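Peer 1: Take this sequence and fold it.
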Amino acid sequence: MKRIAIVGAVLENPGVCQHRFNDTVAEFRNIIKGRMGTPFDNEDITVVAITVIGELDEINALTGRLGSLPNVTVKTAISSTDLG
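Peer 2: As a prediction, the model looks like this:
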């Protein structure tokens, strides 16, 4: 059962964590439908929004991996509607 979700991430000190963040996202490229990042250079923070369509296990695996990275905070909203 697939769901649509938005994964929001805040990268503090992105120079330290962005490479590992991008590598992790690339591993899940099969479920990613869109990505938008906004750098806040003066604050040394980047905000990233990732739209995904996948099984709950896949979405949870992505958010768990991203959330375990140092300097990365992740929140996820998942649709309650099953896409079939």
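Peer 1: Please, which helix or strand holds Phe21?
Peer 2: Using DSSP states H and E, Phe21 sits in helix 14-27.
Peer 1: How about residues contacting that helix?
Peer 2: Contacts with helix 14-27, where a contact means CB atoms under 8 Å, 6 or more residues apart in numbering, come from 9, 11, 32, 35, 39, 44-46, 48, 50, 62, 65-66, 69-72. The way it works is simple: take the backbone N, C-alpha and C, and place the C-beta from them, glycine included.
Peer 1: what's the helix or strand just after it packed up against?
Peer 2: Downstream of helix 14-27, the first helix or strand assigned by DSSP H and E is strand 32-40. Counting contacts by 3 or more CB pairs under 8 Å, 6 or more residues apart in numbering; DSSP states H and E, strand 32-40 is packed against helix 14-27, strand 45-55.
Peer 1: can you pull the buried residues of strand 32-40?
Peer 2: Neighbour-count burial for strand 32-40, counted by 16 or more other CB atoms under 10 Å, picks out Ile32.
Peer 1: ok, that strand: who's next to it in the sheet?
Peer 2: Using DSSP bridges, strand 32-40 pairs in its sheet with strand 45-55 (antiparallel).
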